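S.K.: A predicted structure for the sequence below; I have some questions about it.
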Amino acid sequence: MILQSLKELAEREGLTADLDYEPKLVAWVISLDEAGRYLGVTSTAMPQGPKGKLLPKTMQIPRRVIKTVNDRANFLVDSPEYVLGVVPDPDLTDKRKARAEPRRLLFLAGIESGVQSTGNAALHAVATFLKSEASRALCVADLTRLSCAADDRIGFEVAGRLVHEDAEVRRYFSRNREPSAEAGSQCLVCGEARPLVGNHPPVPVRGGFSGGIALVSFNQKAFLSYGWAGNDNAPVCRNCAEAYAKGLRRLLSNRYPDPKRPGENFPPRSVGLTNDTAAVFWADAANDSLDLFAAIFENPDPTSVQALLDSPSKGRDMPALSTRFYCLLISGAQGRATLRGIHSALLADVEANVREHFACISHYSATPLPLYVLLRSLAVQRKPENLPPGLAGQVFLAILFGARYPRTLLSYAVQRCRAEQAVPRERAAVLDLFLHRNLKHKELNMGLNRESPEAGYRLGRLLAVLERMQTQANQGLNKTIVDRYYGAASTRPGTVFPSLIRLAPHHIAKLKNPGYLQKELGEVLEGLDSFPSHLSLEDQGLFALGYYHQRQDYFKKRDGVPAVDSSEGDQNHE
């Protein structure tokens, strides 16, 4: 089902018009005249992306061969090692350098074969240049001066036209692509009897090899069954394999060129969750909400989020009830593509879940908080590597599919509150998400709830009230009761609060206008029958949220509009 859906995505977005060509970065173009004389070499780098970083130009070039232990040259566009027989890296071994000349001859043989078959003038000019030692030496000197890298791709242009874009050259390459397998086997994806692919196309999976990883491979006897050999265990025709691979590459890349809009890229459809795991997602039909899903983790657009929140009341076009949404968690660790999870639901339901997520955290920041900021607030020293490896993926899936959040999320949030003796807004938002979804405490989602009967929530409020009394009575304190007692108060309230209550009258006596805080203290205590000897993990979460809500209530303006306490939270996202 997944491979079929990826193939349909590629067909729908126009990626299968020419399966023999694929988009790749080409860093350099060697310019020749019609006689094959060397004119110079040009860098294709140009400012791209929001920060204007210099990146090579993406071009549609002949499909890359799958590299093995044996030398294999690509047609017309390849690395300096194959094109010119040089390795511009002084740290490479002598053995690698010794292989450069045979590889150059292999590349040249591919060009000469094209000349013999077609008589194409542009290919003949390239072959003439490649056979001229003097011309190649000039080109190598120019590339060295321009700091060409060993893995840069180099193409050719003759009389100002890219050779690999020549119509006759394209037809030749398509005719001469090596067949993958003998005909007559039924494809698992399309169901038709077609030539099968020998090696599935590599896909650049996060955390994997730079050259990509085959999504389907059988390279050990333990993976084989019923007497089938290698990839015959999963028979897929070449067209379907290349189509699904193109669809997956498009999802994994944030700069994949859109063939229907020359010069523009597709919107992102993936989220990097860890160093070696990414979530990719798509739907059976195009929808604007997918653009927002890609931004949940790093940079949600406030306008898009607000449009999503307002959509039920403003008549926004909703996804068709039959539109299906898919999400894969894929990892490239240990040299193999690993599917960590496959999930599917109706797009309308996923959109509703994402709307609920942003509605829940909207009370903690004027702008939408990215998921990585929320998760970073749970980590020691705010370093994501200090979190469990699978936590980001579990939380992302819970947001999209409305599942319960992992209890680990609550555990880490509570631990950091105790360790730091503080509840910043990002961590409060995480607690709200967990309590709202897992424990159905929806009454806490709108901020301070004075009616909540939950003991943990009221005890957190009580600590905030007592802290407020202390700070108002003693200006300029270096440490408050929260700095000293938060950990004990949130876990063993029975051992801390009796002493703190006995201190309250001393603070009240120093206040100029004690009436409001006295009333607040009485209202909180009225809902408490006793001080529990200990609090469960869930109650500790309620404690932290109660403390945060009560404390933020003291920063309200006179007209009742909440104001964020600028002393808390991630200073980079205030």
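M.R.: Yes, it's here.
S.K.: For stretch 299-313, buried residues please.
M.R.: The neighbour-count check on stretch 299-313 (16 or more other C-beta atoms under 10 Å) flags 300, 304-305, 308-309, 311 as buried. C-beta: built from backbone N, CA, C; applies to glycine.
S.K.: For these, give me TSV that also has secondary structure.
M.R.: Shown next, in TSV, are the buried residues of stretch 299-313 (DSSP: H, G, I helix; E, B strand; the rest coil):
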residue	secondary structure
P300	coil
S304	helix
V305	helix
L308	helix
L309	helix
S311	helix
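S.K.: Need the worst-confidence member of those.
M.R.: The lowest pLDDT within the buried residues of stretch 299-313 belongs to S311, with 78.
S.K.: How much space separates it from Y485?
M.R.: S311 is 45 Å from Y485, where distance means C-beta to C-beta, to the nearest Å.
S.K.: One more: Y244?
M.R.: 58 Å.
S.K.: Looking at the two, which has the bigger crowd around it?
M.R.: Y244 (27 against 20; other C-beta atoms under 10 Å).
S.K.: Three-state assignment for that one, please.
M.R.: The three-state label given to Y244 by three-state DSSP is helix.
S.K.: what's the pLDDT at it?
M.R.: Per the predicted model, pLDDT is 92 at Y244.
S.K.: same thing with F555?
M.R.: 79.
S.K.: how much space between it and R468?
M.R.: Distance from F555 to R468, by C-beta to C-beta: 11 Å.
S.K.: Ok, S185 next?
M.R.: For S185, the distance to R468 - C-beta to C-beta - is 75 Å.
S.K.: which of these two has more neighbours?
M.R.: The neighbour count for S185 versus R468, taken as other C-beta under 10 Å, is higher for R468 (20 against 16).
S.K.: In space, what's closest to that one - neighbours in sequence excluded?
M.R.: Y554 (5.9 Å; C-beta to C-beta, 6 or more residues apart in numbering).
S.K.: hang on, isn't the one you found packed against E467?
M.R.: No: contact criterion C-beta atoms under 8 Å: Y554 and E467 do not qualify, at 9.6 Å.
S.K.: and Y82, what does it touch?
M.R.: 73-74, 103-104, 106-107 (C-beta atoms under 8 Å, 6 or more residues apart in numbering).
S.K.: Could you rerun that using 7 Å?
M.R.: 73, 103-104, 106-107 (C-beta atoms under 7 Å, 6 or more residues apart in numbering).
S.K.: Now for these: which two are most distant?
M.R.: Greatest spatial distance among the contacts of Y82 (C-beta to C-beta): A73 and R104, at 8.7 Å.
S.K.: Kindly format the C-alpha coordinates of stretch 247-258 as CSV.
M.R.: Extracted in CSV, the C-alpha atoms of stretch 247-258 (Å, rounded to 0.1, in the frame of the first residue of the first chain):
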residue,chain,number,x,y,z
GLY,A,247,8.2,10.2,-4.6
LEU,A,248,10.1,9.4,-1.4
ARG,A,249,13.0,11.6,-2.4
ARG,A,250,10.6,14.4,-3.1
LEU,A,251,9.2,14.0,0.5
LEU,A,252,12.6,13.8,2.2
SER,A,253,14.0,16.8,0.4
ASN,A,254,13.2,20.4,1.4
ARG,A,255,14.4,21.7,-2.0
TYR,A,256,13.0,19.3,-4.5
PRO,A,257,12.3,21.0,-7.9
ASP,A,258,8.7,21.2,-9.0
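S.K.: Over it, what's the mean pLDDT, rounded is fine.
M.R.: The pLDDT scores in stretch 247-258 average 90.
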